[in-house]
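Visitor: I'll drop the sequence and a predicted model, then ask my questions.
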Amino acid sequence: MKIELPSISAQQKTIFELATQEAIETLQQNLTAPSIAPQTEIDETLYGREHLLRENEGYKAPHPDVIGAYFRHFQRHFPEYGTDGRLAALLGLSSDRRVREFKNGDRTIPYGIWRKFLVMTGRAPQDVIKVFANMG
Amino acid sequence: MKLSDLATIKTNFPEAHFWLIRRGTAGRCGEPTREFNQEHIGIKVERIDLLLPDYLYYVFKHIHSTGHWQQIATGTLSLVNIRVSDVQRIELSPT
């Protein structure tokens, strides 16, 4: 087995093209994701909806009750992420301790991590950034 | 030049850039994935001045799609595996 090793700029061009195609395919697949009944652990009307907004739209970090309810709801439906360690890995966190800290309110969940979870659970759309030019 | 000259390749490697499914069905064996599993073969590119991790990821997607790993995998009909050394000795040819 032999593979070609082109210049770094040619590699970057290939990455750009293939990653973009892959992203389009993923976005198309996302449109056919199954629907699951919402969580029933808490009454969400008591907690506001600012945690569903973007940072420049008035975002406020979610209450720990909301984090716990959302996370447990997700973990029940996707047993492969049923442990805090596996959920941490899915969200790109260093350890299961972080997940527990977010759930019990000992630490504020970072916007990026929370937004990623909202996207994964169909609660927020993904942002696609316009490319003005290839300048690298 | 071999791939092992530019990258660290081993199992149980959570710090890797991506992983190859080492053991599975003939169709999935050798498939690259972004999700860590200690059984998978982890690949971390050390010479990113020569080889970009994402480029290598897409190269492995292409290699998998050609059926290359099915030809060299060993094991039973339902469960086959590839060796770390199979990945390490992949040749790189500068263009």
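Guide: Arrived safely, thanks for sending.
Visitor: any residue of the top helix by length along chain B touching chain A?
Guide: Counting by DSSP state H, the longest helix found in chain B is helix B:53-65. Yes. Helix B:53-65 comes into contact with chain A (Cβ under 8 Å from any Cβ of the partner chain), by way of B:Asp54, B:Tyr55, B:Tyr58, B:Val59, B:Lys61, B:Ile63. C-betas here are computed from N, CA, C, even on glycine.
Visitor: contact partners for residue 37?
Guide: By default, I'm working from chain A. Contacts of A:Ala37 were listed using Cβ atoms under 8 Å, 6 or more residues apart in numbering or on different chains, and none were found.
Visitor: looking at chain B here, not the other one
Guide: By Cβ under 8 Å, 6+ apart, B:Asn37 lies in contact with B:Trp19.
Visitor: wait, a strand at it?
Guide: No. Under the criterion used here (DSSP: H, G, I helix; E, B strand; the rest coil), B:Asn37 is coil, not part of a strand.
Visitor: what's the distance between A:Ala61 and A:Gly105?
Guide: In this view, A:Ala61 and A:Gly105 are 10 Å apart by Cβ to Cβ, to the nearest Å.
Visitor: re earlier: mind putting the residues of helix B:53-65 next to chain A into TSV with pLDDT?
Guide: Output for the residues of helix B:53-65 next to chain A, formatted as TSV (pLDDT from 0 to 100):
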residue	pLDDT
B:Asp54	97
B:Tyr55	97
B:Tyr58	97
B:Val59	96
B:Lys61	96
B:Ile63	94
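Visitor: can you flag the buried ones in those?
Guide: Taking 16 or more other Cβ atoms under 10 Å in any protein chain shown as the criterion, what is buried in the residues of helix B:53-65 next to chain A is B:Asp54, B:Tyr55, B:Tyr58, B:Val59, B:Ile63.
Visitor: before we move on, the earlier item: contacts for the helix or strand that the longest helix of chain B is followed by next, please.
Guide: Beyond helix B:53-65 in the direction of the C-terminus, DSSP states H and E gives the next helix or strand as helix B:68-72. Surrounding helix B:68-72, the residues in contact under the criterion Cβ under 8 Å, 6+ apart are A:Met1, B:Ala26, B:Gly27, B:Cys29, B:Gly30, B:Ile63, B:Val80, B:Ile82, B:Asp86.
Visitor: redo that, cut-off 6 Å
Guide: Helix B:68-72 is contacted from outside by B:Ala26, B:Cys29, B:Gly30, B:Ile82, using Cβ atoms under 6 Å, 6 or more residues apart in numbering or on different chains.
Visitor: sort those residues by pLDDT and name the bottom one.
Guide: In this model, the minimum pLDDT among the contacts of helix B:68-72 belongs to B:Ala26 (85).
Visitor: hang on, it packs against B:Val80?
Guide: Yes. Using Cβ atoms under 6 Å, B:Ala26 is in contact with B:Val80, at 5.3 Å.
Visitor: specify which residue of those two has the higher count of neighbours.
Guide: Between B:Ala26 and B:Val80, B:Val80 has the larger neighbour count (other Cβ atoms under 10 Å in any protein chain shown), namely 21 against 17.
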